[in-house]
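*Asks:* Sequence first, predicted coordinates after that:
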Amino acid sequence: MVTLPIDLSVFRRLALCCVLAFVYLGNAFPAASASLRSAVILEIDGAIGPASATYIRDGLRHARDEKAVLVILEMDTPGGLDTSMREIIRDILAMPIPVVAYVHPSGARAASAGTYILYASHVAAMTPGTNLGAATPIQVGAAPAVPDEAGEKGEAAAPRDAGEQKAVNDAVAYIRALAELRGRNADWAEKAVRESASLSAKAALENGVVEFVAKDMTSLLAQIDGTRIVMAGREHRLDTRDLALTKVEPGWLTRILATITNPNVALILMMIGVYGLLFEFMNPGSFVPGTVGAISLLTGLYALAVLPVDIVGVTLILLGIGLMIGEAFAPSFGILGMGGLAAFILGSAILIDTDVPAFQIDWSVIAALALFSVGLLVVIARLGLRSHRGRVETGMQDMIGARGEILDWAAGKGHVFVRSERWNARGPQSLRRGEAIVVDGISGLTLEVSSAKTSETQANGGEDG
């Protein structure tokens, strides 16, 4: 057996290379993993409504599915509907991922419902030149405060009744609970509700309403890095270094929902639906008005179902349409038509039960629909009058004045041929077979006839006279 010499230095070099390779790969994989860490940006721009709640819910679900480490809620909103705001807050509170509310860009605001959402978020931040507050749920606190003799700011108007007081107290309890949950200024939060108080970004930072003031997204991520928050009962440290930012845009379904839940669009769709079905009932078999009307009516009713609708307003609108249609079919010298128009305008004005301006029906839309309804009423009335004055084209009355020929005649009665039909007839005894006749009347199934020549002579004589 031959023994080969072994160089141990070769094995030492090989072992050293393996160790260096493992060290390199160990450092490389965490870097690669860190590069995959992302933050999802969701944007609320405008009034908060059903579409906003759907968009935020879908965006938060996307952040969970993508295992994002942070969600940034970029806000610029004047407020919105209470129901939609509470849906968004429930979704934020249930998130296992930190949510940062960021009032951005400069000039933006987080008023009313936006203030509640900011208080519900794990971290609150603002851009210089922004403001928040004015969180009163109804108009009771919207009146300007009255200064006292010392020049200090007075208190806002008190609620006018028990219902408003109840709504204010509920809103105060809600926002105080959010403030206590996140460790923010609860006293100022109550003031924002009771007195419609507002703060600038700098003042909000000084009063403990927000934690950071950042000029842009880069500055925000740098400032919140290392911040400790409480999430799901446990302390969590934010690590925002080298995060990849991903903005989630609203999907096409959310965009459609945003369009149809505009109260003006919803009212127009409902009117198209009602008139489309009306035209279909007046002209059965045309299909197009009925199909378009049914789709529009169902879409409009769905939109109204997710909006705060006053049932009295809906009833008045339907009553107004019914009265205007009744005027067309049963003329009442304008009483039904004017009453229907008044009911329609009043119902449209009180249809949406909220004081949020973005969800109020525009008066120009109400006026346009009212004028359209009046115009349609006039057209139907004119067609009805024209039809009433015109010559009867169907039924037994249509036989009056028809011409025919005698088939057989004896003793003032016989049979005549009129409009391709054989009829029993009676008339002057002087009539003869084959003579042209004119129908003067009808009794049961027997025609009253006279000679066509006699009728022409009488007509000519009357004209000469």
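*Replies:* Arrived safely, thanks for sending. Quantities reported herein were computed from a predicted structural model and do not represent experimental measurements. Numbers count the residues shown, from 1 in each chain.

*Asks:* which stretches of the stretch 51-200 of the chain aren't confidently modelled?
*Replies:* Where the stretch 51-200 of the chain drops to pLDDT under 70, the residues are 138-161.

*Asks:* Show me the strands in it, by range?
*Replies:* Taking DSSP state E, counting those that start in this stretch to define them, one finds strands in the stretch 51-200 of the chain at 70-76, 99-103, 109-111, 123-126, 131-133, 198-200.

*Asks:* so which of those strands gets nearest Asp82?
*Replies:* strand 109-111 (13.8 Å; Cβ to Cβ). (Each C-beta comes from the backbone N, C-alpha and C, glycine too.)

*Asks:* for the closest one, which positions count as buried?
*Replies:* Arg109, Ala110, Ala111 (16 or more other Cβ atoms under 10 Å).

*Asks:* Does anything pack onto it? Which helices or strands?
*Replies:* Contacts defined by 3 or more Cβ pairs under 8 Å, 6 or more residues apart in numbering; DSSP states H and E place strand 109-111 against strand 70-76, strand 99-103, strand 131-133.

*Asks:* I'd like the distance from it to the chain centre, please.
*Replies:* Its chain's C-alpha centre and that of strand 109-111 lie 22 Å apart, by Cα atoms, centre = their mean, to the nearest Å.

*Asks:* who's in contact with it?
*Replies:* Contacts to strand 109-111, defined as Cβ atoms under 8 Å, 6 or more residues apart in numbering, come from residues 75-79, 101, 103, 117-118, 126, 130-135, 198.

*Asks:* Now which of these would you call buried?
*Replies:* The buried subset of the contacts of strand 109-111 (16+ other Cβ under 10 Å) comprises 75-79, 101, 103, 117-118, 126, 130-135, 198.

*Asks:* How about the secondary structure of the residue lying closest to Glu405 once chain neighbours are set aside?
*Replies:* Using Cβ to Cβ, 6 or more residues apart in numbering and skipping residues adjacent in sequence, the residue nearest Glu405 is Phe417, 5.0 Å away. Of the three states, Phe417 takes strand according to DSSP: H, G, I helix; E, B strand; the rest coil.

*Asks:* How about Phe417: which residues does it bridge to?
*Replies:* As for beta bridges, Phe417 partners with Glu405, Arg422 under DSSP bridges.

*Asks:* do you know how far it is from Asp408?
*Replies:* 10 Å (Cβ to Cβ, to the nearest Å).

*Asks:* So between these two, which is more surrounded?
*Replies:* Phe417 (14 against 11; other Cβ atoms under 10 Å).

*Asks:* gap between the more buried one and Arg403?
*Replies:* 10 Å.

*Asks:* again with Thr115
*Replies:* For Thr115 relative to Arg403 (Cβ to Cβ), the value is 86 Å.

*Asks:* Looking only at neighbour counts, state which of these two leads.
*Replies:* Using other Cβ under 10 Å, the more surrounded residue of Thr115 and Arg403 is Thr115, with 33 against 14.

*Asks:* picking up where we left off before, closest to Gly326 among the buried residues of strand 109-111?
*Replies:* Ala111 (45.5 Å).

*Asks:* Now do the buried residues in the helix or strand hosting Trp409.
*Replies:* Following DSSP states H and E, the helix or strand that holds Trp409 is strand 403-410. By 16+ other Cβ under 10 Å, the buried positions in strand 403-410 come out as Gly404, Ile406, Trp409.

*Asks:* tell me the mean pLDDT for that strand?
*Replies:* The pLDDT scores in strand 403-410 average 92.

*Asks:* which strands and helices sit next to that strand?
*Replies:* Strand 403-410 sits against strand 413-418, strand 421-426, strand 436-443, with contacts defined as 3+ Cβ pairs under 8 Å, 6+ apart.

*Asks:* want to throw the ones you listed into CSV with distance to Leu298?
*Replies:* Shown next, in CSV, are the helices and strands packed on strand 403-410 (distance: least, Cβ to Cβ, whole Å):
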stretch, distance to Leu298
strand 413-418, 51
strand 421-426, 49
strand 436-443, 49
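
*Asks:* As JSON lines, those with mean pLDDT would be great.
*Replies:* JSON lines is the format used below for the helices and strands packed on strand 403-410 (pLDDT from 0 to 100):
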{"stretch": "strand 413-418", "mean pLDDT": "92"}
{"stretch": "strand 421-426", "mean pLDDT": "92"}
{"stretch": "strand 436-443", "mean pLDDT": "90"}
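
*Asks:* Nearest to Arg184, out of those?
*Replies:* Closest among these, using Cβ to Cβ: strand 436-443, at 90.7 Å.

*Asks:* okay, the angle between that closest one and strand 413-418?
*Replies:* 110 degrees (axes from the mean of the first three to the mean of the last three Cα atoms, to 10 degrees).

*Asks:* from the chain's centre, how far out does strand 436-443 sit?
*Replies:* The answer for strand 436-443 is 63 Å, by Cα atoms, centre = their mean.

*Asks:* among the helices and strands packed on strand 109-111, which is nearest Leu277?
*Replies:* Using Cβ to Cβ, the nearest of the helices and strands packed on strand 109-111 to Leu277 is strand 70-76, at 40.9 Å.

*Asks:* Quick check: which ranges of the stretch 251-400 of the chain have low pLDDT?
*Replies:* 328-329, 331-334, 381, 384-385, 387-396.

*Asks:* So which residues of it form helices?
*Replies:* Using DSSP state H, counting those that start in this stretch, the helices of the stretch 251-400 of the chain run over 252-260, 263-282, 288-305, 311-329, 335-349, 363-389.

*Asks:* Include mean neighbour count when you put those into TSV, please.
*Replies:* Formatted as TSV, the helices of the stretch 251-400 of the chain follow (neighbours: other Cβ atoms under 10 Å):
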stretch	mean neighbour count
helix 252-260	15
helix 263-282	19
helix 288-305	17
helix 311-329	18
helix 335-349	19
helix 363-389	14
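
*Asks:* Dump those helices into JSON lines; add distance to Asp58 as well.
*Replies:* JSON lines is the format used below for the helices of the stretch 251-400 of the chain (distance: least, Cβ to Cβ, whole Å):
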{"stretch": "helix 252-260", "distance to Asp58": "7"}
{"stretch": "helix 263-282", "distance to Asp58": "22"}
{"stretch": "helix 288-305", "distance to Asp58": "19"}
{"stretch": "helix 311-329", "distance to Asp58": "30"}
{"stretch": "helix 335-349", "distance to Asp58": "32"}
{"stretch": "helix 363-389", "distance to Asp58": "30"}
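
*Asks:* Can you tell me which of the ones you listed is nearest to Asp239?
*Replies:* For Asp239, the closest of the helices of the stretch 251-400 of the chain is helix 252-260, at 30.9 Å, according to Cβ to Cβ.

*Asks:* and the angle for that closest one with helix 288-305?
*Replies:* If you take the same axes, to 10 degrees, helix 252-260 sits at 90 degrees to helix 288-305.

*Asks:* What helices and strands are in contact with helix 252-260?
*Replies:* helix 50-65, helix 263-282, helix 288-305.
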